[in-house]
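**Student:** Got a sequence here, can you model it:
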Amino acid sequence: MNKIVTFLIVLFSLGTLNAQKNGLVANFDSPFSKLKSINLQDVKWTGGFWKEQSDVEQQNTLPYMWNLYHNDSITHAYKNFEIAAGLMKGKFSGPSFHDGDFYKIFEAMAATYAVTKDKKIDAEMDKAIALFAKVQRKDGYMHTPVLIEERWGTLGAEELKKQLGFEKYNMGHLMTAACVHYRATGKTNFLNIAKGVANFLYDFYKKASPELARNAICPSHYMGIIEMYRTVKDPRYLELATNLIDIRGTTNDGTDDNQDRIPFRQQTTAMGHAVRANYLYAGVADLYAETGEQKLLDNLKSIWEDVVYRKMYITGACGSLYDGVSPDGTSYNPADVQKIHQAYGRPYQLPNATAHTETCANIGNVLWNWRMLQITSEAKYADILEQSLYNSVLSGISLEGTAFCYNNPLNVSKELPFKQRWNKEREGYIKLSNCCAPNVTRTMAEVANYAYTISKEGLYVNLFGSNYLNTTTTSGEKVQVEQQTNYPWDGKIVLKVVDVPKTDFAFFLRIPGWSQGTSISVNDVKRNDDLFSGTYAKVAHKWKKGDVITLTIPMPVELMQANPLVEEVKNQIAVKRGPLVYCLESNQLPDSISVNQVLLDVKSTFTVKSFELSNRKLMAIEANVRVTDSNSSWNKTLYKPLSTIQSANLSVQLIPYFAWGNHSKGEMSVWLPY
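**Tutor:** From the prediction side, this is the model:
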C-alpha cells in the first residue's frame, strides 16, 4: 500500500509540473515569489544584440565546449565518467570540480534544446545520461574522484582527500542541470539520477555531524536542492534546504572565506570568496521563496546594499581581491584574522589592474539578483542583473565565443611589475581553473528566460532585445508579444500585441535606474504618466491585436565618477552609455604611449559611431584625449615633479568593455583621469 501511495504522489507531482511554468527557476507554486518564470522555450530572439549572441552560442560556443570536454587530452571530464562507470581502468584527472563543469555545459545543451528542438542535441544528452546512470552508486552518490577510487584504487587516499571540497558543488550542478533537462525535454532519465543524488544528500545531512556536513564550498547544491523540491514536490528536499542554512556557522572551524564563521541569520554584510557568497545568497533567496522567513529576506537585502553601494564594480563585477585578510585592521587576535581569497574586500576597496572579479562571481551576481527580482518585484534587482550581464559576464567570453576570461580586470597594464595568477588575455582552455567557461556557456544559453516574468497582474518586461514571446498568464490565457529594438545601441523599444487576455491586461515596463527622461506611448499617443527611474511602469489597457507600446529611453553618453572613498579612481572618469560601460584600448594610441598616460577631455563631443569587430555589430564612442609627457619614463622612478610640457591631443574610440581584448593583446582601462 505504501508503495502505491508513493507512486501516486510522484505521478501527481510530475503531472502537476507539466501544467506549470518551467523556467530556470520553476517558482510557479512558490508562495513567496511575486513574479513567476516563463517556460524555457517561450522566448525566441529574432534580431539584434541578443540574437547575434545567441547565434554565437549555438554555432560556436556550445559545440566548442561540448567537444572540448569530451577531449581527454585536454580536460578528461567525460573520460572520468567513463572510468567511474567501469568502461575502462584509469585514474581521475583534472580539478575536483570537473564533474560540475560538465554538468554546466550539459545544462546549456538542455536550455538550447528547449528552444531549437535539435535532435542531435537530444541524442548527445541521452548518451551522456546513460553514462551517468552507470556511474551512480546505488545509494545515489555521484562524484567521480571517489567512485573511480572505489572501483579502481588508482588515486590514493591522500590525493582523494583533496578532491572532496567540491563534492556537493558538483552534485548541485547535476541537480540543476537535470531539472532544466526535464523542463526542456519532458524526459525523466536524468531527473531520476538527480532524485538519487537528492535522496543521498538528505540521508547524509540527517546523519552527518555539523563539522562533516559543513565541508561544502561553493554551495550550488542550495539552488539545486530547492529546484528539485519545486520539480518533484518531495517535502524532504525543502527540509534539507532549510537544514543547510541552519547548520552554517554552528561549528568552531567556520571561515569568513566560506561565509560560515557565524550563522547566516547573523550575516548582514558580504564577506569572503565572492563566488561562494553569491551562490549562497541565491540559494537563500530560493529558500525564502518557499518559506517566507522574513529574517532571510532582511539579511539578503542588507547584504545586497553592502555589495551594490560599497563593494561592486561599475561593471557589476564582484570580488575585488586575489588574496586578503578578514577582518582587516580591526583586530590583533590571530584567531580573528583569517586569510580570504577571490573575495569581497573592505567597503570601497576596488582595485582595477589587480581586480579579481571572477566571471563565476559575476554570474553568481546575476543568479542572485534574478531571484531577488522574483521575490520582491523591485526593478533595482533587474538593473543589477542587466549591469552584470552586459558588462562583467559578457567580458568573460570572446566575441567569437571560443575564448574565455577567468577574471575581468578594469585595467590591463604591460608594465605591471609582477605576474598575476590569471592570464590577461582570453584563452580557449584555462588550465589552472576552467570553471568560468562552462558557466558563461550555460548563461548565454539561458539569457532569454530572464527577459520576461509574469504575475497575477500581468507581464513584466525585464530585459530588452528583439524577440517573440509566446507564453501564458498565471491562469493559462495566451500572451503573445513581439518586441523590436536595437537595444543596447538604441533606447527605442517597441512591443506589438499579438494575443493577450481580452480584459484589462497590464504590461510592466522596466524604467532602468540609469535612465532619465523616459517616455511611453500607446499607438503613437504619448502617455502623461509620471515615470520614475529604477521602477516598473504599469501600462494597463483592453488590448487588441496590433496595438503598439513604445518605450523610449534616452541614451546620452554619461561621464561617471566614483564615491571619493574608492581611492583607486579618485579624480578619474568612466564613460557609460545606456547599460554599457566603455573602455580605452592601447590600439587607439601610438605604440610608445600607455593607456595610463592618457587624460580624457571631458569637453569632447563624444560622438557615437557604429563599427564591426569579429563579425559583430558594435558601437564606439569617439572622444578626445590628451597624452601626458610622452618622452618621460617612469623606469626606476616612483615619484617625480609634475610635468609642465604641453600635452599632445589625440582622437580615440572607446569601445564597450565587454569587447576589450578582441582586437589584439594590449593595454586597456575603464577609468581615465581627466
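
**Student:** Phi first, then psi, for L385.
**Tutor:** L385 adopts backbone torsions of phi -60, psi -50, taken as degrees, to the nearest 10.

**Student:** Just after the helix or strand of the chain at the bottom of the mean pLDDT ranking, pick out the following helix or strand.
**Tutor:** Taking mean pLDDT, DSSP states H and E as the measure, helix 2-18 is the helix or strand of the chain with the lowest mean score, a mean of 43. Moving toward the C-terminus from helix 2-18, the next helix or strand (DSSP states H and E) is strand 36-37.

**Student:** got a list of contacts for that following strand?
**Tutor:** When contacts are defined by CB atoms under 8 Å, 6 or more residues apart in numbering, strand 36-37 is touched by residues 21-28, 30, 374, 449, 453-455, 474. From N, CA and C alone the C-beta is placed, and that goes for glycine too.

**Student:** Name the nearest of the residues you listed relative to K233.
**Tutor:** Ranking these by separation from K233, with CB to CB as the measure, puts A26 on top at 10.7 Å.

**Student:** The closest one contacts R230, doesn't it?
**Tutor:** Yes - proximity of A26 to R230 meets the contact threshold set by CB atoms under 8 Å, at 4.5 Å.

**Student:** Touching both of the two, which residues are there?
**Tutor:** Counting by CB under 8 Å, 6+ apart, the common neighbours of A26 and R230 are C179.

**Student:** pLDDT score assigned to the closest residue to W152 other than its chain neighbours?
**Tutor:** Leaving out its chain neighbours, the residue that sits closest to W152 by CB to CB, 6 or more residues apart in numbering is K89, at 5.5 Å. Residue-level confidence at K89 comes out at 96, pLDDT.

**Student:** Can you tell me the SS state at K89?
**Tutor:** coil (DSSP: H, G, I helix; E, B strand; the rest coil).

**Student:** cool, the one 10 residues further on as well?
**Tutor:** For D99, the secondary-structure state derived from three-state DSSP is helix.

**Student:** Burial check on it, number of neighbours?
**Tutor:** Neighbour count of D99, defined by other CB atoms under 10 Å: 29.

**Student:** Ok, the one 5 residues further on next?
**Tutor:** Burial of K104 is recorded as 29 neighbouring residues (other CB under 10 Å).

**Student:** Which helix or strand contains it?
**Tutor:** Following DSSP H and E, one finds K104 within helix 98-116.

**Student:** ok, now N278?
**Tutor:** Counting by DSSP H and E, the element that carries N278 is helix 274-291.

**Student:** hmm, back to that, just the buried ones from the contacts of strand 36-37?
**Tutor:** The neighbour-count criterion (16 or more other CB atoms under 10 Å) marks 21-28, 30, 374, 449, 453-455 among the contacts of strand 36-37 as buried.

**Student:** what's across from L509 in the sheet?
**Tutor:** Under DSSP bridges, the beta-bridge partners of L509 are V461, A537.

**Student:** after the helix holding N278, next one along is what?
**Tutor:** Towards the C-terminus, the helix or strand next in line after helix 274-291, according to DSSP H and E, is helix 294-306.

**Student:** Figure out how far that following helix is from the centre of its chain.
**Tutor:** In this view, helix 294-306 has its centroid 19 Å away from the chain centroid, taken as CA atoms, centre = their mean, to the nearest Å.

**Student:** Tell me the buried residues in it?
**Tutor:** Neighbour-count burial for helix 294-306, counted by 16+ other CB under 10 Å, picks out L296, L297, N299, L300, I303, W304, D306.

**Student:** Stretch 424-440 now?
**Tutor:** Buried residues in stretch 424-440, counted by 16+ other CB under 10 Å: K424, R426, E427, I430, S433, N434, C435, C436, A437, P438, N439, V440.

**Student:** which of those sit farthest apart?
**Tutor:** Set against one another by CB to CB, these have their most distant pair in K424 and P438, with a gap of 21.4 Å.

**Student:** where does this structure dip in pLDDT?
**Tutor:** Within the chain, the set of residues satisfying pLDDT under 70 comprises 1-21, 213-215, 328-332, 630-631.

**Student:** For the stretch 251-400 of the chain, which segments count as helices?
**Tutor:** Secondary structure of the stretch 251-400 of the chain, counting by DSSP state H, counting those that start in this stretch: helices at 274-291, 294-306, 359-376, 379-387.

**Student:** okay, the angle between the helix holding K104 and helix 359-376?
**Tutor:** For the pair helix 98-116 and helix 359-376, the angle between their directions (axes from the mean of the first three to the mean of the last three CA atoms, to 10 degrees) equals 50 degrees.

**Student:** Can you name the element that comes right after helix 98-116?
**Tutor:** Following helix 98-116 in sequence order, the next helix or strand is helix 119-135 (DSSP H and E).

**Student:** angle of that following helix against helix 98-116?
**Tutor:** Taking the same axes, to 10 degrees, one finds helix 119-135 and helix 98-116 inclined to each other by 150 degrees.

**Student:** Go through helix 119-135 and flag the buried ones.
**Tutor:** Under the neighbour-count criterion of 16+ other CB under 10 Å, helix 119-135 has I121, D122, E124, M125, A128, I129, F132, V135 buried.

**Student:** so can I have JSON lines of the residues you listed showing distance to L147?
**Tutor:** Listed next are these as JSON lines, based on distance: CB to CB, whole Å:
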{"residue": "I121", "distance to L147": "27"}
{"residue": "D122", "distance to L147": "26"}
{"residue": "E124", "distance to L147": "22"}
{"residue": "M125", "distance to L147": "21"}
{"residue": "A128", "distance to L147": "16"}
{"residue": "I129", "distance to L147": "16"}
{"residue": "F132", "distance to L147": "11"}
{"residue": "V135", "distance to L147": "6"}
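
**Student:** out of the residues you listed, who's nearest L584?
**Tutor:** For the buried residues of helix 119-135, the minimum distance to L584 (CB to CB) is 40.4 Å, reached by I121.
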